[in-house]
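**Student:** Attaching a predicted model along with its sequence, questions to come.
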2 protein chains.
Amino acid sequence: MELKQQVTVTLAEVAEAAGVGESTVSRVLRNHGSFSGKTRERVMAAVERLGYVPNRIAGTLASTGSRLVAFVIPSLSNIVFPDVLRGASAVLEENRYQAVFSVTDYDPGKEEALAAAMLAWRPAAVMLAGYEHTDGTVKMLRASGCRVVELLDLDGDALDIAVGFSNRAAGRESAAFLLKRGYRRIGYVGHDLSRDTRAGKRFSSFCETLQAHGAPLVAREILAGASSVENGRLGLERLLAQTPDLDAVYFSNDDMALGGYFHCLAEGISIPSKLAIFGYNGLDIGRAMPQPLSTIRTPRVATGQIAAQLVVANAPPQAVDLGFELIDGATA
Amino acid sequence: MELKQQVTVTLAEVAEAAGVGESTVSRVLRNHGSFSGKTRERVMAAVERLGYVPNRIAGTLASTGSRLVAFVIPSLSNIVFPDVLRGASAVLEENRYQAVFSVTDYDPGKEEALAAAMLAWRPAAVMLAGYEHTDGTVKMLRASGCRVVELLDLDGDALDIAVGFSNRAAGRESAAFLLKRGYRRIGYVGHDLSRDTRAGKRFSSFCETLQAHGAPLVAREILAGASSVENGRLGLERLLAQTPDLDAVYFSNDDMALGGYFHCLAEGISIPSKLAIFGYNGLDIGRAMPQPLSTIRTPRVATGQIAAQLVVANAPPQAVDLGFELIDGATA
DNA sequence: CAGCGGATTGGTAGCGCTGCCAAAAAGTCA
DNA sequence: TGACTTTTTGGCAGCGCTACCAATCCGCTG
């Protein structure tokens, strides 16, 4: 292999080869404005012959408004965000938009820096997780003039568009469900809540609901770092060591809950008679477990889809509540 | 708070405000070329005051070479690709590169179309999964002059850079491991192999190795659609219904294997004494299972990191073998 | 056949920034 | 101090494309 030749064919060359003007080529390629069928053929033949690939950088600069959509997401380890991206990218690709992303690791400072970097690409929209942003981020987004979509949260005030569901309601319904099932000595196993503010909202509403029904949270175990199956297992082990007589445990999400489930399997703790387990997210894996996981299924892919559709349609500011579904599984 | 729908500030305006020339502002902002400390301060003050955000579209067009890196990946559901993206995006962000992506759904035709769309952004590099591309894709990539990185496969000829490991070797070692453990009646449960060519390579090498050792594959169950825990469970159920006396099953990946594990749990099939289970990928979840999953751990995040590093460093064409690790768990 | 309106087409300013080059300013040295 | 360097700086031509406008063409009318 050797150095490649930078043989960039330009629109001007296509125009020359086709014997037409540049603007005609541009019109044909974008299928915009009018041109004859004959012209179209000549242009397409030249494009084919020269192997022309339009330069979207130049195109975007010359036209108003880009077809880039920027995602500034907390993580790619948590399946939630790939799911959102998946939903969004399908819609964006259909509409010839291009997705750009960067990962904040749940760090608001990094979010601000990355949002600034994104804005430099003059995207049509910026999509972020939730409502908690630094003042700098908010100011910057407001000043940018591009659409802003806040995802997966509805507990707060949207800057522009918001798509998701209420995490507080999710926490509340989870607690109500466990209470209705008769559990009274309830514990919690979670991951770092200071960074994952949505998990924090679920937890605080969960606690408030328990409290309001006279069965306040008995114990909690918060693990540093991200959620994972291993942390869930470890968390439940620690929680039970500290408070053995719990009858139910709420986990910050399904990964953590699955870890708890594994711990019970390994220790011979029978579910749900000895201990009930409740998760959050409604991952597919929960359905395949020997005992389907009791959890709340969230519309992750749909969140991405709807968000993308609203951006493509340049919809007015709004908050779209996609809701969630409580899965009455076999673990609680 | 001023909610001015401000017209975008340009570099020229910053220059004017700072009382310097445009090129001076450009130099200061990119910290490239020489300028005095005093000038630097004046420029930065003006940038701050006006809330200037550089326009990377214009910058990229004017300069040679972009800082975009395009990912054309088969899926976001399979955790493999988010993992690769995660490794890559960390490195890219550090180096002020921007990641762009689109999803092919394992469809070579879609890959070609999306690769073409990506090329229109004139990226510094295009990253793709594996070696199997349409002639059109290959031709286009060759002609583009941008770097091409093929990921997660080494069984074939690289276009430019390749980073990953040998799937054939992985299949071979998996088979050798099971044979060494004494299993002889071995089955396979997999997902759609025609699309996921890397899984196909593992499977064919697995079979060849069994054959070479006089213990050819006894049965197989291939499920349509993507890999999932549910499909793994269903697949094993079907496989055993058809061939009950297997002593080991190789799964196309850990998700599928976990499904198989769940099936055994639900049916009271003891692992590994009655049936051994072997996966592929080495997901964290496998470590947290009551019986750690026997599998092969692949360097997914590292693949992304190394790939990104090579692109950033503009390294010469090469194939980097990151290898994999056989995890001697408790299920085989 | 001139006159018209709509369909096509080409010319050409920019879009906002970088790269190159020459000019201006600031140092250096004998 | 004058000649010569080195550091800073500004001007401006593009990068490849789109948007706008004017020119041309065509088919019909009256």
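**Tutor:** Yes, it's here.
**Student:** drop to CA atoms for contacts and neighbour counts, all remaining ones
**Tutor:** Fine.
**Student:** tell me the contacts of residue A:175?
**Tutor:** For residue A:175, the contact set (Cα atoms under 8 Å, 6 or more residues apart in numbering or on different chains) comprises A:206, A:207, A:209, A:210.
**Student:** And the residues you listed, which is closest to residue A:238?
**Tutor:** Closest approach to residue A:238 among those (Cα to Cα): residue A:207, at 19.8 Å.
**Student:** Do you know the pLDDT at the closest one?
**Tutor:** Here the pLDDT value assigned to residue A:207 is 98.
**Student:** Spell out the secondary structure type for it.
**Tutor:** Three-state assignment for residue A:207 (DSSP: H, G, I helix; E, B strand; the rest coil): helix.
**Student:** Can you pull the phi/psi pair for the spatially closest residue to it that is not a sequence neighbour?
**Tutor:** Of all residues not flanking residue A:207 in the chain, residue A:217 sits nearest, at 6.1 Å (Cα to Cα, 6 or more residues apart in numbering or on different chains). In terms of degrees, to the nearest 10, the main-chain angles of residue A:217 are phi -50, psi 130.
**Student:** my guess is residue A:217 meets residue A:209, correct?
**Tutor:** No - at 9.6 Å, residue A:217 does not count as touching residue A:209 under the criterion of Cα atoms under 8 Å.
**Student:** tell me, what's touching these two both at once?
**Tutor:** Listed contacts common to residue A:217 and residue A:209 are nil; contacts here mean Cα under 8 Å, 6+ apart.
**Student:** re the thing from before, now the contacts of residue A:175 in TSV, with neighbour count?
**Tutor:** As requested, the contacts of residue A:175 are exported to TSV (neighbours: other Cα atoms under 10 Å in any protein chain shown):
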residue	neighbour count
A:206	25
A:207	21
A:209	21
A:210	23
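**Student:** Let me know the closest of these to residue B:159.
**Tutor:** Using Cα to Cα, those come closest to residue B:159 at residue A:206, 53.9 Å.
**Student:** How about the closest one: what's its closest non-neighbour residue?
**Tutor:** Leaving aside its chain neighbours, residue A:206 sits nearest to residue A:171 (4.4 Å; criterion: Cα to Cα, 6+ apart).
**Student:** you'd agree the one you found is in a strand?
**Tutor:** No - with three-state DSSP as the criterion, residue A:171 is assigned helix and is not in a strand.
**Student:** sorry, back to before: for chain B, see how far away the residue nearest to residue A:207 is.
**Tutor:** Distance, residue A:217 to chain B, using Cα to the nearest Cα, to the nearest Å: 26 Å.
**Student:** Domain ranges for chain A, per the record?
**Tutor:** Domain segmentation of chain A under automatic domain parsing yields A:11-54, A:68-165+A:300-324, A:167-297.
**Student:** want to throw those into CSV with distance to residue B:28?
**Tutor:** Putting those into CSV (distance: least, Cα to Cα, whole Å) gives the following:
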stretch, distance to residue B:28
domain A:11-54, 32
domain A:68-165+A:300-324, 17
domain A:167-297, 35
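**Student:** Would you mind telling me which of these is nearest residue B:147?
**Tutor:** Checking the domains of chain A against residue B:147 by Cα to Cα gives domain A:11-54 as the closest, at 16.1 Å.
**Student:** so where do the helices sit in the stretch 51-200 of chain A?
**Tutor:** For the stretch 51-200 of chain A, applying DSSP state H, counting those that start in this stretch gives helices covering A:56-62, A:80-94, A:108-119, A:135-144, A:167-180, A:197-212.
**Student:** Output those in JSON lines, with distance to residue B:94 appended to each entry.
**Tutor:** Below are the helices of the stretch 51-200 of chain A laid out as JSON lines (distance: least, Cα to Cα, whole Å):
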{"stretch": "helix A:56-62", "distance to residue B:94": "23"}
{"stretch": "helix A:80-94", "distance to residue B:94": "21"}
{"stretch": "helix A:108-119", "distance to residue B:94": "11"}
{"stretch": "helix A:135-144", "distance to residue B:94": "20"}
{"stretch": "helix A:167-180", "distance to residue B:94": "33"}
{"stretch": "helix A:197-212", "distance to residue B:94": "25"}
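**Student:** between the ones you listed, which one is nearest to residue B:266?
**Tutor:** Closest approach to residue B:266 among the helices of the stretch 51-200 of chain A is made by helix A:167-180 (24.8 Å; Cα to Cα).
**Student:** tell me which residues form a beta bridge with the nearest residue to residue A:148 once chain neighbours are set aside?
**Tutor:** Closest residue in space to residue A:148, ignoring its immediate chain neighbours: residue A:126 at 4.9 Å, by Cα to Cα, 6+ apart. Per DSSP bridges, the residues bridged to residue A:126 are residue A:70, residue A:148.
**Student:** residues contacting residue A:126?
**Tutor:** Contacts for residue A:126 (Cα under 8 Å, 6+ apart) come out as A:69, A:70, A:71, A:72, A:115, A:118, A:119, A:146, A:147, A:148, A:149.
**Student:** Wait, residue A:84 touches residue A:301, no?
**Tutor:** Yes - Residue A:84 lies in contact with residue A:301 (Cα under 8 Å); the separation is 4.8 Å.
**Student:** neighbour count winner among these two?
**Tutor:** Looking at residue A:84 and residue A:301 with other Cα atoms under 10 Å in any protein chain shown, you find the greater number of neighbours at residue A:84, namely 25 against 20.
**Student:** and the gap between the more buried one and residue B:115?
**Tutor:** Using Cα to Cα, to the nearest Å, residue A:84 is found at 22 Å from residue B:115.
**Student:** same thing with residue A:251?
**Tutor:** Between residue A:251 and residue B:115 the computed distance is 41 Å (Cα to Cα).
**Student:** Pick out whichever of the two has more residues nearby.
**Tutor:** In this view residue A:251 and residue B:115 are compared by other Cα under 10 Å, and residue A:251 has more residues nearby, 30 against 26.
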